[in-house]
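Novice: how would this look folded up:
(one chain, ligands or ions: 1)
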Amino acid sequence: MSDIKSNIQKIKDSLPENVTLCAVSKFNPAESVIEAIEAGQIVFGENRIQEAFPKFNSIREQNYSCDLHIIGSLQRNKVSKAVQISSMIQSVDRLELIEEIEKQCAKINKTISILFELHTAEDSKSGFSDIDELYKCVELLNSNAFPHVTPKGFMTMAPFTDDKTLVQKAFKTCRQTMEKVQKEYPNLNLDVLSMGMSGDYKIAIDEGSTMVRIGTAIFGERKY
Ligand SMILES: *Cc1c(COP(=O)(O)O)cnc(C)c1O
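Specialist: Residues are numbered from 1 along each chain as shown. Now for the predicted structure:
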C-alpha cells in the first residue's frame, strides 16, 4: 500500500464517526489526489485557485469524482473560478466576498456552501475579527439576501504554538461563536465546525470539531 493510502486509512481509523476528513492537497500533484480518491477519500481542500483550478479540472476529466473545498483566503477576482470547481468555500471572511460568491453562483445557477472563517490566532491574518461584520453577514444570509449561498458553519486556524492551552482556547472560541449564532438564528443550519490540521487535530476534536483539514500527515511535507 502507498504511503498516501495508509496515511488516510490510519487517520480515518482514528477519527470519531461524526468527523469528516478534508484532505488538503495543496502543492501536491493530481496523481496524489487520485491516489487518495482510490483510497476512498472524498473531500479535498485547496487554498490557491490558480493551482486548484487546472488540477481539479484535470482530475475530473479523468472521470474521478470528489468534493473540493476552498480553504485559503480568496480574492474577489478568483471567485468565479472558485465556485466552478468547489462545493464549499470555508474561508469566507468578509461581506464583499459573499456578495461576489452570490453573483458568480447566480451566473452558473449553482448553490454553494460556505463557512465563516473566524480569526482566533494572533499570528494569522485571515478570518473575521470584527464580530459586528460577522453578524451583518449572518443577518443578511438569514434574510435570504444571498439565495445561492448556504452558510453551514464555522472554520478557524489555531495559532502555531506548542502551548496547548492557546490552541484549545482558539478552538473553543470558534465553537462557542457558532453555538451563539445558531441559537440566535435558529433558521440557519450551522453544524460544520472545521478545525484542526496535522499538528493539532486531536485537540480540535476534543473541542468539538466535525471536520479536520489535514495535509502533511497524508501527503508528506510540502515541497514549495
Ligand atoms: C495547509 C492548510 C491546512 C493543512 O495543514 P497541514 O499542517 O499540512 O495538515 C489546513 N488548513 C488550511 C487553511 C491550510 O491552509
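
Novice: near the ligand, which residues of this protein?
Specialist: 24, 26, 47, 71-72, 157, 197-199, 213-217 (Cβ under 6 Å from any ligand atom). C-beta here means a position set from N, CA and C on the backbone, and glycine is covered the same way.

Novice: SS state for the most centrally placed residue in the chain?
Specialist: The residue lying closest to the centre of the chain (Cα atoms, centre = their mean) is Q90, at 3.6 Å. At Q90, secondary structure determined by DSSP: H, G, I helix; E, B strand; the rest coil is strand.

Novice: and what of L140?
Specialist: Three-state call for L140 (three-state DSSP): helix.

Novice: hang on, the earlier thing: mind giving me the PyMOL command for buried ones among the residues of the chain next to the ligand?
Specialist: Listed next is the PyMOL selection for buried residues among the residues of the chain next to the ligand, using 16 or more other Cβ atoms under 10 Å:
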select buried, resi 24+26+47+71+72+157+197+213+214+215+217
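
Novice: need the max-distance pair from the residues of the chain next to the ligand.
Specialist: G72 and A217 (18.4 Å; Cβ to Cβ).

Novice: and the lengthiest helix in the chain, how far out from the chain middle?
Specialist: Criterion DSSP state H: the longest helix present in the chain is helix 164-184. Distance, stretch centre to chain centre, for helix 164-184: 16 Å (Cα atoms, centre = their mean, to the nearest Å).

Novice: only alpha carbons, please: show that helix as CSV.
Specialist: Presented in CSV, the C-alpha positions along helix 164-184 are these (Å, rounded to 0.1, in the frame of the first residue of the first chain):
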residue,chain,number,x,y,z
LYS,A,164,-1.8,23.6,24.0
THR,A,165,-4.0,25.9,26.1
LEU,A,166,-3.8,28.6,23.5
VAL,A,167,-4.7,26.2,20.8
GLN,A,168,-7.6,24.9,22.9
LYS,A,169,-8.8,28.4,23.5
ALA,A,170,-8.9,29.3,19.8
PHE,A,171,-11.0,26.2,19.0
LYS,A,172,-13.3,26.8,21.9
THR,A,173,-13.9,30.4,20.9
CYS,A,174,-14.8,29.2,17.4
ARG,A,175,-17.2,26.5,18.7
GLN,A,176,-18.9,28.9,21.2
THR,A,177,-19.3,31.6,18.5
MET,A,178,-21.0,29.1,16.2
GLU,A,179,-23.3,27.9,19.1
LYS,A,180,-24.2,31.5,19.9
VAL,A,181,-25.0,32.4,16.3
GLN,A,182,-27.0,29.2,15.8
LYS,A,183,-29.0,30.0,18.9
GLU,A,184,-29.8,33.5,17.8
